[in-house]
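# predicted model follows, preceded by the sequence.
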Amino acid sequence: MMLDWNDYRKQLATEVKEIGQLSPDTIKGYITLGAAGQKTDLLGAKFRELIALAVAVGLRCDGCITVHTEAAIKQGATREEIVEALGVATAVNAGAALVYSARVLDAFKEHPSAVRPQTDAGPCW
């Protein structure tokens, strides 16, 4: 069953409010970070929300997804614009997987007990 995003967003707001009551400075710090880009507004609110959605997908954060989807819609983002941002997230995540795949090969090469291919074996067909 898929998540009920509207109920989840409400539940999340309640739980974050509780965190704010227990640790107000944590929430103040979070709000300060979120407001930093709004001061210059060079990108605009809609573009910031599209970036937030792409990052939310990369981080696999359901809370971020529900909050920033709603915010993107409120800022006038279309379904097509959101899908384009998600395409960027997909490409970056695939690229990151490729880069980290190279790191795995590097780690393999440096491991003392790694099995190395024989150099005199000739073609493998």
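Here it is on my side, so go on. Numbering: from 1, shown residues only.

# show me the contacts for residue 46.
Going by C-beta atoms under 8 Å, 6 or more residues apart in numbering, residue 46 touches 72, 75, 76, 77, 81. In this view, the C-beta of every residue, glycine as well, is placed from N, C-alpha and C.

# not including adjacent chain positions, what is the nearest residue to it?
residue 75 (3.9 Å; C-beta to C-beta, 6 or more residues apart in numbering).

# which residues sit in contact with that neighbour?
With C-beta under 8 Å, 6+ apart, residue 75 has these contacts: 45, 46, 49.

# dump the residues you listed to CSV, plus secondary structure.
Converted to CSV, the contacts of residue 75 look like this (DSSP: H, G, I helix; E, B strand; the rest coil):
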residue, secondary structure
45, helix
46, helix
49, helix
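
# buried stuff in stretch 69-77?
Neighbour counts over stretch 69-77 (16 or more other C-beta atoms under 10 Å) mark 69, 71, 72, 75, 77 as buried.

# quick one: low-confidence ranges for the chain?
1, 118-125 (pLDDT under 70).

# in the helix or strand hosting residue 29, which residues are buried?
Here residue 29, judged by DSSP states H and E, is contained in helix 24-40. Using 16+ other C-beta under 10 Å as the test for burial, helix 24-40 gives residue 37.
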